[in-house]
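Peer 1: sequence and predicted structure, then a few things I'm wondering about:
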Amino acid sequence: MSTKVFTFKGGIHPPHHKKQTEKLSIENAVEPKFVVIPLSQHIGAPCDPLVQVGDKVKVGQKIGDSKAFVSAPVHASISGSVKSIGLHITTGGSKVNCITIESDGLFEVHESVKPKGNIEDLSKEEILAIIKEAGMTGMGGAGFPTHVKLSPPKDKTIDTIILNGAECEPFLTADHRIMLEKPEQIVEGAKAIMKAVGVEKCYIAIEKNKPDAIETMRKAISGVNGLEVVPLEAKYPQGDEKRMINAVTGREVPSGGLPMDVGCIVDNVGTIATIGNVFLTGMPLVQRVTTVTGSAIKNPKNLYIRIGTLFKDIIEQCGGFSEEPGKIINGGPMMGIVQYTTEVPAIKGTSGILVLNKKDAKVPEASNCIRCGKCVDACPVHLQPFMISRQAILNNFEEAEKYYAADCIECGSCSFVCPAKRPLVETIRLAKKEVISKRKKA
Ligand code: SF4
Ligand code: SF4
């Protein structure tokens, strides 16, 4: 049993703000009267609708799919009838084709939803096909289709899987609660992906500020071959996959490289618990645990919500706003995306809905850089944030590229520590976008 605590160089220690919800058990959300399900809530090709307006659908029924390999199907999260198919505003900020389903109040489960049998009796190919059909995507935020991640090219040998239970984003406690309340699903999911990739070693990496989760997962894996819990330093951005690989295995993913380049696959514990549920019950990804919290939420909660429920309906179940909101975020305060309306639907990657009051949301005024170097010390990628930001402000993206702007993981650590309150991550994000788009064109 490992007692050593692992970590990486750089990073920051923002206030955790997890006390509001870390002890709150997962509650089933009130069943929504209707859901709006985006046909694109993942990285890759959007789905085409498989239903038409007026069709009756049941829970777990596939309603959208794509022939592309890099894509993930979407399923009905309630039973009822298809009201419309068309553009709707989503958490990404743009309008996306969505299927709106009006509930019949029955929550009838589709005939295709059946337990998948013992993982030991399934082949690698069958496991991957089940994961793909279930619409699995990374639920930590990025939304990369899981079956693609688990199908590395033949020239890449994977020997290690890491389950990411760091949950280093302040405020969020959904993964923490999943580890406490659904450990058997995580173990089942871990067994499935280990077999799918042909890997014998799987670490469950958890920050040491969650000792109850470390203990629960250690008990849950006892007697299961190849699984090991690794405690990590509680530091942001410990949950970034490259930092996590470095902390757990000591391996460095090269600049521009991927985890598979150093023999690793990293998946979030919430994703793996859902995969476990897919094998145990047959239900595809139609629900997820979301932390609803922040200084302007009346009754913060960890809710088991149906994909497609509007933010406004979820917030209402938490007693609504306790005061006028200053900022609404899909995800956490460091890497989440600010929302300008509560009419957006929760998607597979909605790990949290954070609502800050006006005081907490206030952006301090920026002053000139004093060359203190704090942003350099904090950057987990060892970049020079003040230099990249300066070049971005000058529209000098070629120069920004020379400072490795494209390697920025947009963690916001530099902005957090900057005493001059420079808009570092915002300007660096702009430079990164320009550099990547230039490379794509080339
Ligand atoms: S430059 Fe990018 S990776 Fe480095 S601290 Fe800032 S946001 Fe994070
Ligand atoms: S932390 Fe802020 S003030 Fe200090 S060097 Fe970086 S940008 Fe300049």
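Peer 2: All right, it came through fine. Ligands and ions are numbered 1, 2, ... in the order given.

Peer 1: buried ones in the helix or strand harbouring residue 190, by neighbour count?
Peer 2: According to DSSP states H and E, residue 190 maps onto helix 183-197. Residues 183, 185-197 are the ones in helix 183-197 that count as buried (16 or more other Cβ atoms under 10 Å). Where C-beta positions appear, they are placed from N, C-alpha and C, glycine not excepted.

Peer 1: alpha carbons only: can I get that helix in CSV?
Peer 2: Extracted in CSV, the C-alpha atoms of helix 183-197 (Å, rounded to 0.1, in the frame of the first residue of the first chain):
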residue,chain,number,x,y,z
PRO,A,183,-16.8,2.7,-5.5
GLU,A,184,-18.1,-0.6,-6.9
GLN,A,185,-19.0,1.1,-10.2
ILE,A,186,-15.5,2.5,-10.4
VAL,A,187,-14.0,-0.9,-9.8
GLU,A,188,-16.2,-2.5,-12.5
GLY,A,189,-15.4,0.3,-15.0
ALA,A,190,-11.7,0.0,-14.2
LYS,A,191,-11.8,-3.8,-14.9
ALA,A,192,-13.6,-3.1,-18.2
ILE,A,193,-11.1,-0.6,-19.5
MET,A,194,-8.1,-2.5,-18.3
LYS,A,195,-9.3,-5.5,-20.3
ALA,A,196,-10.2,-3.3,-23.4
VAL,A,197,-6.6,-1.9,-23.5
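
Peer 1: average pLDDT for that helix, rounded please.
Peer 2: Across helix 183-197, the average pLDDT comes to 97.

Peer 1: and the very next helix or strand once past it, what does it pack onto?
Peer 2: Downstream of helix 183-197, the first helix or strand assigned by DSSP H and E is strand 201-207. Helices and strands touching strand 201-207, by 3 or more Cβ pairs under 8 Å, 6 or more residues apart in numbering; DSSP states H and E, are strand 160-165, helix 183-197, helix 211-221, strand 227-232, helix 241-249.

Peer 1: what pairs with strand 201-207, parallel or antiparallel?
Peer 2: Sheet pairing here is set by DSSP bridges, and for strand 201-207 it gives strand 160-165 (parallel), strand 227-232 (parallel).

Peer 1: list the contacts for the closest residue to residue 371 other than its chain neighbours?
Peer 2: Leaving aside its chain neighbours, residue 371 sits nearest to residue 386 (7.3 Å; criterion: Cβ to Cβ, 6 or more residues apart in numbering). Applying Cβ atoms under 8 Å, 6 or more residues apart in numbering, we find residue 386 in contact with 369, 371, 375-376, 414, 422, 424.

Peer 1: list the buried residues of the helix or strand where residue 386 lies.
Peer 2: Using DSSP H and E, residue 386 sits in helix 385-393. The neighbour-count criterion (16+ other Cβ under 10 Å) identifies 385-392 as the buried residues of helix 385-393.

Peer 1: go on, stretch 14-30?
Peer 2: 14, 16-18, 20-22, 24, 26, 29.

Peer 1: which residues are contacting the helix holding residue 190?
Peer 2: Identification of contacts with helix 183-197 by Cβ under 8 Å, 6+ apart yields 119, 122, 124, 127-128, 131, 150, 152, 158, 161, 163, 178-179, 199-200, 202, 204, 216-217, 219-221, 224, 226-227, 265, 267, 269, 271-280.

Peer 1: got a PyMOL select line for the buried ones in those?
Peer 2: Listed next is the PyMOL selection for buried residues among the contacts of helix 183-197, using 16+ other Cβ under 10 Å:
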select buried, resi 119+122+127+128+131+150+152+158+161+163+178+179+199+202+204+216+217+220+221+227+265+267+269+271+272+273+274+275+276+277+278+279
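
Peer 1: nearest residue to the residue in the stretch 51-200 of the chain that ligand 2 sits nearest to other than its sequence neighbours?
Peer 2: Closest residue of the stretch 51-200 of the chain to ligand 2, Cβ to the nearest ligand atom: residue 170 (19.8 Å). In space, and not counting its chain neighbours, residue 170 is closest to residue 17: 4.6 Å by Cβ to Cβ, 6+ apart.

Peer 1: now do residue 11
Peer 2: Nearest one to residue 11, counting by Cβ to Cβ, 6+ apart, is residue 235 at 4.5 Å.

Peer 1: pLDDT score assigned to that neighbour?
Peer 2: 93.

Peer 1: got it, and residue 140?
Peer 2: The model's pLDDT for residue 140 equals 83.

Peer 1: how much space between the closest residue to it other than its chain neighbours and ligand 1?
Peer 2: The shortest distance from residue 140 to any non-neighbouring residue, by Cβ to Cβ, 6+ apart, is to residue 268 (3.6 Å). From residue 268 over to ligand 1 the distance is 19 Å, taken as Cβ to the nearest ligand atom, to the nearest Å.

Peer 1: kindly report the same for residue 372.
Peer 2: Distance from residue 372 to ligand 1, by Cβ to the nearest ligand atom: 14 Å.

Peer 1: any idea what sits nearest that residue, other than its immediate chain neighbours?
Peer 2: residue 419 (6.3 Å).

Peer 1: state the number of residues packed around that neighbour.
Peer 2: Using other Cβ atoms under 10 Å, residue 419 is surrounded by 11 other residues.

Peer 1: list the contacts of it.
Peer 2: Contacts of residue 419 by Cβ under 8 Å, 6+ apart are 370, 372, 374.

Peer 1: who's in contact with the residue of the stretch 101-250 of the chain found nearest ligand 2?
Peer 2: Scanning the stretch 101-250 of the chain for the residue nearest ligand 2 gives residue 236, at 16.0 Å (criterion: Cβ to the nearest ligand atom). Applying Cβ under 8 Å, 6+ apart, we find residue 236 in contact with 11-14, 168-170, 334, 411, 413.

Peer 1: partner residues bridging it?
Peer 2: Applying DSSP bridges to residue 236 yields these beta-bridge partners: residue 12.

Peer 1: hmm, back to that, could you dump the helices and strands packed on strand 201-207 into TSV with distance to ligand 2 added?
Peer 2: As requested, those are exported to TSV (distance: least, Cβ to the nearest ligand atom, whole Å):
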stretch	distance to ligand 2
strand 160-165	28
helix 183-197	39
helix 211-221	33
strand 227-232	25
helix 241-249	20
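
Peer 1: now render the ones you listed as JSON lines, adding distance to residue 81.
Peer 2: Output for the helices and strands packed on strand 201-207, formatted as JSON lines (distance: least, Cβ to Cβ, whole Å):
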{"stretch": "strand 160-165", "distance to residue 81": "38"}
{"stretch": "helix 183-197", "distance to residue 81": "31"}
{"stretch": "helix 211-221", "distance to residue 81": "41"}
{"stretch": "strand 227-232", "distance to residue 81": "44"}
{"stretch": "helix 241-249", "distance to residue 81": "40"}
